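**Q** got a predicted structure plus its sequence, pasted below:
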Amino acid sequence: MPRAASGLEGHLGYWLRFVSNHVSHAFKLKVESHGVTVAEWVVMRALYDSEAVNPSEVARKIGLTRGAVSKLMDRLVGKGLVFCRAEKADRRYQTVTLSGSGRTLVPVLAELADRTDEEYFGHLSKRERADLIVVLRNIVQTRGFENIPVE
């Protein structure tokens, strides 16, 4: 006789994915309406609090490979949102920084993130939101997750 199968709705992962998909999709549409992807937004936000930094440092900070960050940087440079400068002494060493338009766009996109949070989690009390963050951070720490979600 086959073993009984648990239902989807009984799994925390099901509910996390259900909520995550809806929140992520809504934010993706908002960010893309400003001409950037969520992954590009993550890189821009990482650059916002820094002066010129090495792309390797950005990769380490957000948990992506240097190759992935390099591709994202190329796209952001092409959009005029990031400047990339090679050092005179060693052309292989580069630094990246937000352009003026990139620096202006980051707070706009951060506001979209804030509004998305409010749309999806605004019905929760401050305490419930704080508790949810604690629980999710605990899972991240316990599992050793390091990569920032970009998609």
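**A** Structure received. Numbers count the residues shown, from 1 in each chain.

**Q** just the strands in this protein please.
**A** Taking DSSP state E as the criterion, the chain carries its strands at 82-86, 94-98.

**Q** from these, which stretch is densest packed?
**A** strand 94-98 (a mean of 19; mean count of other CB atoms under 10 Å). The C-beta positions use only the backbone N, C-alpha and C, and glycine is treated the same way.

**Q** could you dump the strands of the chain into CSV and include mean pLDDT?
**A** What follows is the strands of the chain, written out as CSV (pLDDT from 0 to 100):
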stretch, mean pLDDT
strand 82-86, 89
strand 94-98, 92
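
**Q** residue 45 is nearest to which of those strands?
**A** strand 94-98 (9.8 Å; CB to CB).

**Q** mind exporting the closest one as PDB, just the C-alpha atoms?
**A** Once non-C-alpha atoms are left out, strand 94-98 reads as follows in PDB (Å, rounded to 0.1, in the frame of the first residue of the first chain):
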ATOM      1  CA  GLN A  94      39.000  48.800 -11.900                       C
ATOM      2  CA  THR A  95      36.700  50.700  -9.600                       C
ATOM      3  CA  VAL A  96      33.000  51.300 -10.000                       C
ATOM      4  CA  THR A  97      30.800  54.000  -8.800                       C
ATOM      5  CA  LEU A  98      27.200  55.200  -9.400                       C
END
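
**Q** could you give the angle of that strand to strand 82-86?
**A** 160 degrees (axes from the mean of the first three to the mean of the last three CA atoms, to 10 degrees).

**Q** same for strand 94-98, what does it pack against?
**A** Where contact means 3 or more CB pairs under 8 Å, 6 or more residues apart in numbering; DSSP states H and E, strand 94-98 is packed against helix 38-48, helix 55-62, strand 82-86.

**Q** where are the low-confidence patches of the protein?
**A** The chain contains residues with pLDDT under 70 at 88-92, 150-151.

**Q** run the last query once more with 90
**A** By pLDDT under 90, the low-scoring segments of the chain are 1-5, 8, 10, 50-52, 61-66, 85-94, 145-151.

**Q** next up, the contacts around residue 119.
**A** Residues counted as contacts of residue 119 (CB atoms under 8 Å, 6 or more residues apart in numbering) are residue 26.

**Q** would you quantify the distance from it to residue 148?
**A** Distance of residue 119 to residue 148, given as CB to CB, to the nearest Å: 21 Å.
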